[in-house]
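A.B. asks: Compute the structure for the input listed below.
(2 chains)
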Amino acid sequence: MARTQPDLGKTRRRETEHAAQHQEFLRGRPYDVLRAVQSAVLELRQDKAGLFGVAIVTLLVATAVFAPWLAPHDPAAQSLRNRLAPPFWADGGSMSYPLGADGLGRDVLSRLIFGSRVSLVVGLSVVLLAGTFGILMGLLAGYRGGRFDSVIMRVVDTQVAFPGLLLALVILAAIGPSMTTIIVVLAINGWMVYARITRGVVLSAKETPYVEAAEIVGCRPWRVILRHLLPNLASPLLTLAVLEFARIVLAEAALSFLGVGIQPPQVSWGLMVAQGRDYLFDGWWIITFPGLAIALTVLGVNLFASWLRVAADPQEREKRFARSSSEISQGTMA
Amino acid sequence: MGRFAVRRIAQGFLVIFGVTIMVFVFTRMVGDPVKVMLPLEASPQERAAFKHQLGLDRSIPVQFASYVGQLARGDLGTSLWQRRPAIDIVLEALPRTLELVLAAIALAVLLAIPLGVLAALRPGRTLDRLAVVLSLAGLSIPQFWLALLLILVFAVRIRLFPTAGMGGPEHLVLPMLALALPALGRIAMIVRSSMIDELNQQYVKTADAKGLPRRRIVGVHALRNASIPALTLTGWELIRALAGYSVVVETVFAWPGVGLLANQALDQQDLILLQAIVFVVALMVVLVNVAIDILYKAVDPRIKLV
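C.D. replies: Numbering: from 1, shown residues only, chains lettered A, B, ... in the order given. Here you go, the predicted structure:
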């Protein structure tokens, strides 16, 4: 008789193991950095920092969408009379060029506003492309296992070991720089992180009773993958995608700065800094503002990611609630 | 240990092989090297001759076999730009890059550890705030912009350091800072967070209870455990500096290392030299990875090298 009874203890044990493994797999490099940011941000009041992140992200999206209505000038319009006009608060500056003009008399503010479009489009496309491919590979590797798994993971390890900028430089030089190629190259550079985390979560979720139950009642593999495994991935992947977006904004800026990214007459923040290099002695504002835009975007997106991690993960939310309520009880006792 | 060494060397070869294949595929199969390297006005005859000279008129498998064969013999081809063996050019520039990168990462680590530890000891105080701000800045500020700002402030406004080039130690200061500051912020952040984790562990309480001096608990017991994640990140920073950031920083400061060479090869459309650079850098990356693994074992004897 005893043999037919379900072993509840075992099931429960397996579930805690699953939770522990789940945590374990989130310890890849991006997550180490993320955890560190979080613990740092906690001191600055999580909500304020999160609010700042949300504000920056909203601002970025709004600027990119409404660029033609926001920009005071055509970003490509040159005006030799106004070349190297300083920002409005400096001597000789005026409100018609609020952040000054560059060496060809183009309005820095308008170029900044239009540059946000490139950052957003490149960032989103790369995340979408690399994310789709990486998640697919991770799902297959984790679910199928066997030889497919070991081959994919070997490829991932190899690619992770060699960081991208130099390789991206060579590839872009060989196939010619453009917005499309930069998106493709950065996606080739970035799909592995998604594959690795997806595979990890799938491996641990595969062992849970509900997935076994789904398999026993005869769900097809794709149904198991999409309906039962994929929801586990929503929170870690969302955070990862936001973090990757920040990394891609930086990478695009660096490649454009080096001249293998976005090409003129298109506008990109990295390209603006490169063009301002020649006027380092005459106009500090030309390189300062686009650089500031990049830094603020990346900072805001990172803070947004750390806020999202808490907001999108029920486990994390619970932890945070426990922490804040214990702080409150300690406060009343003191 | 022996099995570990074999595995790591095999893995290293795999990395180098993978990078080689990627470069090959993109330069010869996706891109057209002749179009890239010859000027627009070259005649069809010139193009055909150039193709033949580089062996590009052979089939792809034959090209690949001869490419790998050359690599195995240490022959990375002849630079089209300088007309001498590409490997010689890269090896001339390599020590200068190593000097810059190692100096920068050493500076970053030496400052990040005390900063991170002190910040962890007194969370919320001035030093901790400084560490947090530095970390967030290190996470978000692009290297090339920081490099230009350093030039703007320290070379143009207050003429303290030369703007570019290589010479005495004063030439090293600005490029080193441009590489070190972001890394410093990121490493300090990891040291800080893992130090806070360690200080909450039971063994710290035990050591406290049996009356060990605080200095010893923090500096020896906790720091050793906290240094493992810091070591991981430092290795990663070293790799990224070698295979990425050095290109940007060396270009801005005209520091004649591998990164500047890569940018020049790019300008000269010298794909052969670029290939050689990627190959040598991949080798360096593999070496750093192995060195980090050996250091792990030294810091944490529990880690088994398998």
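
A.B. asks: When you work out contacts or count neighbours from here on, use the C-alpha atoms and nothing else.
C.D. replies: Fine.

A.B. asks: after the least confident helix or strand in chain B by mean pLDDT, next one along is what?
C.D. replies: In chain B, no helix or strand scores lower on mean pLDDT, DSSP states H and E than helix B:33-37, which sits at a mean of 70. Note on helix B:33-37: by DSSP states H and E, the next helix or strand toward the C-terminus is helix B:44-54.

A.B. asks: got the contact list for that next one?
C.D. replies: For helix B:44-54, the surrounding residues in contact (Cα atoms under 8 Å, 6 or more residues apart in numbering or on different chains) are B:34, B:38, B:57.

A.B. asks: Can you read off the pLDDT for the last one?
C.D. replies: Read it as residue B:57. With respect to pLDDT, residue B:57 scores 75.

A.B. asks: where's it relative to chain A, distance?
C.D. replies: Counting by Cα to the nearest Cα, to the nearest Å, the gap from residue B:57 to chain A is 18 Å.

A.B. asks: ok, the closest residue to residue A:110 other than its chain neighbours to residue A:113 distance?
C.D. replies: Of all residues not flanking residue A:110 in the chain, residue A:71 sits nearest, at 4.6 Å (Cα to Cα, 6 or more residues apart in numbering or on different chains). Distance of residue A:71 to residue A:113, computed by Cα to Cα, to the nearest Å: 6 Å.

A.B. asks: Now stretch B:54-63: buried residues?
C.D. replies: Using 16 or more other Cα atoms under 10 Å in any protein chain shown as the test for burial, stretch B:54-63 gives B:56, B:63.

A.B. asks: Restrict it to CA atoms and write it as PDB.
C.D. replies: What follows is stretch B:54-63, C-alpha atoms only, in PDB (Å, rounded to 0.1, in the frame of the first residue of the first chain):
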ATOM      1  CA  LEU B  54      45.800  36.500 -52.600                       C
ATOM      2  CA  GLY B  55      44.600  33.100 -53.700                       C
ATOM      3  CA  LEU B  56      41.000  34.300 -53.700                       C
ATOM      4  CA  ASP B  57      40.300  32.700 -57.100                       C
ATOM      5  CA  ARG B  58      40.500  29.200 -55.500                       C
ATOM      6  CA  SER B  59      37.500  27.400 -54.000                       C
ATOM      7  CA  ILE B  60      36.400  28.200 -50.500                       C
ATOM      8  CA  PRO B  61      37.400  24.900 -48.900                       C
ATOM      9  CA  VAL B  62      40.900  25.100 -50.500                       C
ATOM     10  CA  GLN B  63      41.200  28.700 -49.300                       C
END
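
A.B. asks: quick one: contacts for residue A:283?
C.D. replies: A:84, A:86, A:102, A:276.

A.B. asks: if we can go back for a sec, my read: the residue nearest to residue A:110 touches residue A:107, true?
C.D. replies: No. In this structure, residue A:71 is not within contact of residue A:107 by Cα atoms under 8 Å, at 9.1 Å.

A.B. asks: related to what we said a few turns ago, between residue A:71 and residue A:113, which one's more packed in?
C.D. replies: residue A:113 (27 against 18; other Cα atoms under 10 Å in any protein chain shown).

A.B. asks: For the helix or strand hosting that one, name the packing helices and strands.
C.D. replies: Secondary structure from DSSP H and E places residue A:113 in helix A:108-144. Packing partners of helix A:108-144 (3 or more Cα pairs under 8 Å, 6 or more residues apart in numbering or on different chains; DSSP states H and E): helix A:46-65, helix A:67-70, helix A:146-161, helix A:179-206, helix A:230-257, helix A:269-276, helix A:284-312.
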